[in-house]
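> Any chance you can model this:
(one chain, ligands or ions: 2)
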Amino acid sequence: MVPSLMARVLSGIQPSGDVHLGNYVGAIRHWVTDQDSIDSFICIVDLHAISVPQDPAHLRAQTVELAALLLAAGIDPDRSTLFVQSHVHEHAELAWVLNCFTTFGELRRMTQFKEKAQAQAEGSVLVGLFDYPVLQAADILLYQADRVPVGEDQRQHVELTRDIAQRFNHRFGETFVVPEVAIPKVGARIMDLQNPAAKMSKSAESPQGTIGVLDSPEDVSRKVKAAVTDSGRDVVSSPDKPAITNLLTIYSVVTGRNVSDIEGSYEGRGYADLKSDLAEAIILFLSPLQEQYRDISSDPGRLRDSLELGAQKAQKVAGETLHAVYERVGFVPRRR
Ligand code: ATP
Ligand code: LTN
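Ligands and ions are numbered 1, 2, ... in the order given. Now for the predicted structure:
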């Protein structure tokens, strides 16, 4: 296997909020299956997380939990490069340089910033929140990533990354790979159990509608039973039945059966049967992941070793890129 012949892909995930079924089936599972065909870098973005206030102990615990979950899901630290952003100081350093090649106007136009800033009084909007996309550009450009898989809401940040890379390359000669945005085909988009019009999300107001991958069987049953349903009583997937459609999608994802097959087996039965079977199916689906998670969490030394290996592999690539950048912008090299 020659890594340089495989596409390099960088994924970022925030250690804020509990990982839910949507994150798992929509993103993490793909990272696991793609490990053999791509050169995968997976970055737990703790520097980004502090762009909104965080409790230190909570942030630390969430970062460790996310790392353990990714390993439990099957990310192999030998095949993929899994690391914590703050372990690789080159991220913050490149972000500074890129700040000097990004305009105030560009950042002011970022939709995510506008939305998040609008929700707060001006006096409390942090500069880090404004600068968030530049740090994201540094994450991507340090690794010379060919592709960046993100949801639609992050497209604008990757477009900005491309602009910054092109600007830098134009001024100083080829330095960065200009990355492509990869928006995954919608496929299984899991919706909130309490509001099937909104996607299941870490930042949802009510945790009732979100199934955490570490939820206990009791919590899963309770949430599935409390899920909103549609009028009527036929178990069918259709545009006028968004709630039942979502339950059937989840059923299909966790069992591998297709939706029409599942519909067939509920002919003449009602929503209650569907819900109790679905709860069982989700519990069964999550159980190996939870078992692996417990196993990995019980050995903090091994977890730290995996993250150390990831940081070393990441830093090797990041260091080379930063070195080239420093040279190009005119910094005097340090005597080795
Ligand atoms: P937040 O609520 O803070 O935006 P989130 O739950 O939407 O968080 P992200 O961190 O934005 O999660 O996304 C992590 C990954 O999970 C992305 O690749 C995203 O496409 C995927 N993902 C998030 N929610 C869902 C969902 N409901 N169904 C399928 N995939 C999802
Ligand atoms: N902003 C992204 C998280 C993120 C990211 C990245 C994604 C930070 N750095 C680099 C891809 C590549 C989010 O909120 N999902």
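> which stretches of this protein aren't confidently modelled?
1-4, 186-187 (pLDDT under 70).
> go again using 80 as the cut-off
Where the chain drops to pLDDT under 80, the residues are 1-5, 184-188, 203-206, 336.
> Show me which residues of it sit near ligand 1.
13-14, 17, 22-23, 26-27, 151, 189-190, 199-203 (CB under 6 Å from any ligand atom). All C-beta atoms are positioned from the backbone trio N, CA, C, and that covers glycine.
> just these now: which is nearest residue 261?
residue 190 (19.3 Å; CB to CB).
> so how far is residue 250 from that closest one?
For residue 190, the distance to residue 250 equals 6 Å [CB to CB, to the nearest Å].
> Between these two, which is the more surrounded one?
Shown here are residue 190 and residue 250; by other CB atoms under 10 Å, residue 250 has more neighbours (25 against 22).
> which helices and strands does the helix or strand where the more buried one lies pack with?
Using DSSP states H and E, residue 250 falls within helix 242-255. Helix 242-255 sits against helix 259-265, helix 271-297, with contacts defined as 3 or more CB pairs under 8 Å, 6 or more residues apart in numbering; DSSP states H and E.
> one step back: which neighbours do residue 190 and residue 250 have in common?
Common neighbours of residue 190 and residue 250, using CB atoms under 8 Å, 6 or more residues apart in numbering, are residue 21.
> that older thread, the residues of the chain next to ligand 1 in strands, which ones?
Those of these mapping onto strands are residue 13, per DSSP state E.
> ok, so of the residues of the chain next to ligand 1, who is nearest residue 93?
residue 14 (20.8 Å).
> for residue 244, what are its contacts?
Applying CB under 8 Å, 6+ apart to residue 244 gives the contacts 229, 230, 235, 236, 237, 271, 274.
> doesn't residue 274 make contact with the third one?
Which is residue 235. Yes - if you go by CB atoms under 8 Å, residue 235 and residue 274 touch, sitting 5.1 Å apart.
> shared neighbours of these two, which are they?
Joint contacts of residue 235 and residue 274 (CB under 8 Å, 6+ apart) are 244, 266.
> Specify the local secondary structure of the residue nearest to residue 158 when sequence neighbours are not counted.
Counting by CB to CB, 6 or more residues apart in numbering, residue 181 is the residue found nearest to residue 158 once chain neighbours are left out, at 4.4 Å. Applying DSSP: H, G, I helix; E, B strand; the rest coil to residue 181 yields a three-state assignment of strand.
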